[in-house]
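J.: Sequence first, then the predicted structure:
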Amino acid sequence: MNVLVIGNGGREHAIVAALAKSPRVDKLYCMKGNAGIAELAECVDVDYMDNAAVGDWLDSHTDVRYTVIAPDDPLAAGLADELERRGHRVFGPIKKAAQIEASKAFAKALMKKYGIPTAAYETFDDYEKALAYVRAGKFPVVLKADGLALGKGVLICEDAAAAEAGLRQIMLDKAFGAAGNKVVVEEFLTGKEFTPGEEVSVLTFTDGKTIVPMIPSCDHKRALDGDKGLNTGGMGTFTPCPFYSEQVRDETEDKILLPTVSAMNAEGRPFKGVLYFGLMRTPEGMKVVEYNSRFGDPETQVVLPMLKTDLLEIFEAVTDERLADIDIEWEEGACVCVVLASGGYPQKYEKGKEITFDAPPGEDVFVYHAGTVRGADGVLRTNGGRVLNICAKGRTVEEARQRAYDYIRHVHFEGMQFRKDIGIKYNAKG
Ligand code: AMP
Ligand code: GLY
């Protein structure tokens, strides 16, 4: 079977690599892909934010029997609906289900209505009212632009002055565009004794009836070591997560995962695809920090390499609503992913820097490309904020992280920045 994957980052490279292992896949296409993906798939230069253009491409490529929509923005724009309407088989939720990520105000209201544990909040579309509410409340306070903002629309404000500046940035200066027309003002969640709560990402396959959570992973959202600096799309991940024990897992499935899938059904928005639960462990138990309507990036880069089952089989089981009928198996052990970013990310950065490797990756080390491009001159160059993902497997997180960091010494581009502490947090505490 020939398969199209939509997207162009490290997550898509990991999905393409997993599909390439399927004995049932003949040829892969990726729209638009990147220099790494191009080694496994034919890259297609069509704008995936143009639903009709993607539909037309598929209509005229009758060899392609299945399409995987990986990023949030085409899902929010209804690409799955458009392709299904034209009779194509698709992996990814329809527009009204993708709302669970596309509007934080929607997601918060859903959790409130169905009693799914999350931080207390209010939603505002008026700057003055938001400001008055924030000033009367406690600090730190969390401000979130309602819409999609590449993981950057969340501001944690320590005092009234910072909150005022943040509200101004989101609501008046429109730093995140129309995503900031509404703002969610949230209670700041902590772990025990005001230490930051432990966070875990649980990517979950669901066909709207059955859920199959993938192995848990931990992201590092802040730009700098020690969880300092601005929020980013994610600077690195590891799996497994020591604190996500079987007991915590079972409780989370009962109180959060299943109720969310049921709530979406009850709202007439059945969710089929990957539902991503961003969770925080608090003294009152697990709470939802965010939902995403898709695989996480860079969580996927540590989760899919551990998958033993054929990914295409799982995708098709979701599409055909027979997820309950298949067994999904995972490798034992650990995987770590370190993101190599352009200097300046998540703010302004330059593109077009030459990338070189002075040694090939060793056993159990693999490189997924995120923002890369190969010029007509054959030279590999940076083409985005997050550039490369250096991933490694090991028996333990410590072994995997050692392997990943050892290899990073062989990768070079001007301005390259990365966190030195991926895989250390939570493990240090056992
Ligand atoms: P989000 O994009 O909603 O996942 O938020 C990005 C990051 O901000 C999360 O991974 C948390 O570390 C932090 N964060 C978001 N909401 C809260 C909250 N209510 N309390 C504490 N930290 C939060
Ligand atoms: N790593 C966080 C996300 O994919 O949204």
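T.: Good, I have the coordinates. Every value quoted in this text rests on a predicted model; they were computed, and no experiment measured them. Ligands and ions are numbered 1, 2, ... in the order given.
J.: Identify the residues contacting the residue of the stretch 101-250 of the chain found nearest ligand 2.
T.: Closest to ligand 2 within the stretch 101-250 of the chain is Gly234: 3.4 Å, counting by Cβ to the nearest ligand atom. Any C-beta I mention is one placed from the backbone N, CA and C, and that applies to glycine too. Listed by Cβ atoms under 8 Å, 6 or more residues apart in numbering, the contact set of Gly234 reads 151, 219-221, 296-299, 339, 386.
J.: Then Leu312?
T.: Per Cβ under 8 Å, 6+ apart, neighbours of Leu312: 1, 3, 19, 22, 24-25, 66.
J.: Narrow those residues to just the buried residues.
T.: Neighbour counting with 16 or more other Cβ atoms under 10 Å marks 3, 19, 22, 25, 66 as buried within these.
J.: Tell me the confidence at the fourth one?
T.: If I follow you right, that is Val25. pLDDT recorded at Val25 is 98.
J.: Can you classify it as helix, strand or coil?
T.: Using DSSP: H, G, I helix; E, B strand; the rest coil, the secondary structure recorded for Val25 is coil.
J.: Am I right that it is in contact with Val5?
T.: No - when contacts are counted by Cβ atoms under 8 Å, Val25 is not listed as touching Val5 (10.5 Å).
J.: which neighbours do these two share?
T.: Here Val25 and Val5 have Leu19 as joint contacts, going by Cβ under 8 Å, 6+ apart.
J.: Including distance to Lys113 and secondary structure, could the buried ones among the contacts of Leu312 go into TSV?
T.: As requested, the buried ones among the contacts of Leu312 are exported to TSV (distance: Cβ to Cβ, whole Å; DSSP: H, G, I helix; E, B strand; the rest coil):
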residue	distance to Lys113	secondary structure
Val3	37	strand
Leu19	37	helix
Ser22	39	coil
Val25	41	coil
Tyr66	35	strand
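J.: is it possible to export these to a markdown table including distance to Asp227?
T.: Below are the buried ones among the contacts of Leu312 laid out as a markdown table (distance: Cβ to Cβ, whole Å):
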| residue | distance to Asp227 |
| --- | --- |
| Val3 | 37 |
| Leu19 | 33 |
| Ser22 | 37 |
| Val25 | 39 |
| Tyr66 | 39 |
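J.: Quick one: buried ones out of the contacts of Gly234?
T.: In the contacts of Gly234, burial by neighbour count holds for 151, 219-221, 296-299, 339, 386, counting by 16+ other Cβ under 10 Å.
J.: The lowest-mean-pLDDT helix or strand in the chain close to ligand 1?
T.: Least confident element among the helices and strands of the chain, by mean pLDDT, DSSP states H and E: strand 228-231 (a mean of 88). Yes - interface with ligand 1: strand 228-231 contributes Asn231 (Cβ under 6 Å from any ligand atom).
J.: just checking, what packs against that strand?
T.: strand 222-224 (3 or more Cβ pairs under 8 Å, 6 or more residues apart in numbering; DSSP states H and E).
J.: Show me what from the stretch 201-350 of the chain comes close to ligand 1.
T.: Counting by Cβ under 6 Å from any ligand atom, the residues of the stretch 201-350 of the chain near ligand 1 are 221, 231, 278, 289-290.
J.: mind redoing it with 5 Å?
T.: 221, 278, 289-290 (Cβ under 5 Å from any ligand atom).
J.: so which of those comes closest to ligand 1?
T.: Proximity of those to ligand 1 (Cβ to the nearest ligand atom) peaks at Glu290, which lies at 3.6 Å.
J.: re earlier: work out the sheet partners of the least confident helix or strand of the chain and label each with its direction, please.
T.: Using DSSP bridges, the strands paired with strand 228-231 in its sheet are strand 222-224 (antiparallel).
J.: any idea of the mean pLDDT in the strand it pairs with?
T.: On average, the pLDDT along strand 222-224 is 94.
J.: can you check stretch 67-86 too?
T.: 98.
J.: Show me where this structure has its helices.
T.: For the chain, helices defined by DSSP state H occupy the ranges 10-20, 51-60, 72-76, 79-85, 95-102, 104-114, 127-136, 160-167, 246-252, 258-266, 300-303, 311-319, 397-408.
J.: can you tell me which residues contact the spatially most central residue of the chain?
T.: With distances taken as Cα atoms, centre = their mean, Gly296 lies nearest the centre of the chain, 2.0 Å away. Contacts for Gly296 (Cβ under 8 Å, 6+ apart) come out as 11, 201, 203, 217, 219, 234, 237, 276.
J.: Any idea how many residues pack against the residue nearest to the last one when sequence neighbours are not counted?
T.: Nearest residue to Tyr276 in three dimensions, chain neighbours excluded: Asn292, at 3.6 Å (Cβ to Cβ, 6 or more residues apart in numbering). Taking other Cβ atoms under 10 Å as the criterion, the count of residues near Asn292 is 24.
J.: likewise Glu331?
T.: 12.
J.: Quick check: closest non-adjacent residue to it.
T.: Excluding the flanking residues, the one nearest Glu331 by Cβ to Cβ, 6+ apart is Met306, at 4.6 Å.
J.: among the buried ones among the contacts of Leu312, which two are most distant?
T.: Ser22 and Tyr66 (10.7 Å; Cβ to Cβ).
J.: For Asn389, which residues are in contact?
T.: When contacts are counted by Cβ under 8 Å, 6+ apart, Asn389 touches 10, 13-14, 298, 301, 337-340, 367-370.
J.: Nearest to Asp320, out of those: which one, please.
T.: Among the contacts of Asn389, and counting by Cβ to Cβ, the member closest to Asp320 is Ala14, at 23.6 Å.
J.: got a pLDDT number for the closest one?
T.: 98.
J.: near ligand 2, which residues of this protein show up?
T.: Contact residues, the chain versus ligand 2 (Cβ under 5 Å from any ligand atom): 219, 234, 296-297.
J.: Make CSV out of the residues you listed and add pLDDT and distance to Asp377.
T.: As requested, the residues of the chain next to ligand 2 are arranged in CSV below (pLDDT from 0 to 100; distance: Cβ to Cβ, whole Å):
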residue, pLDDT, distance to Asp377
Asp219, 95, 35
Gly234, 94, 31
Gly296, 97, 34
Asp297, 97, 29
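J.: Which ones among those residues map onto strands?
T.: Among the residues of the chain next to ligand 2, the members falling in strands (DSSP state E) are Asp219.
J.: and the residues of the chain next to ligand 2, which two are the farthest apart?
T.: Across those (Cβ to Cβ), the longest gap, 9.2 Å, separates Asp219 and Asp297.
J.: So for the closest residue to Gly236 other than its chain neighbours, what's the pLDDT?
T.: Setting aside the residues directly before and after it, Gly236 is nearest to Ile422 in space (Cβ to Cβ, 6+ apart), at 3.3 Å. Listed pLDDT for Ile422 reads 97.
J.: No more questions from me, cheers.
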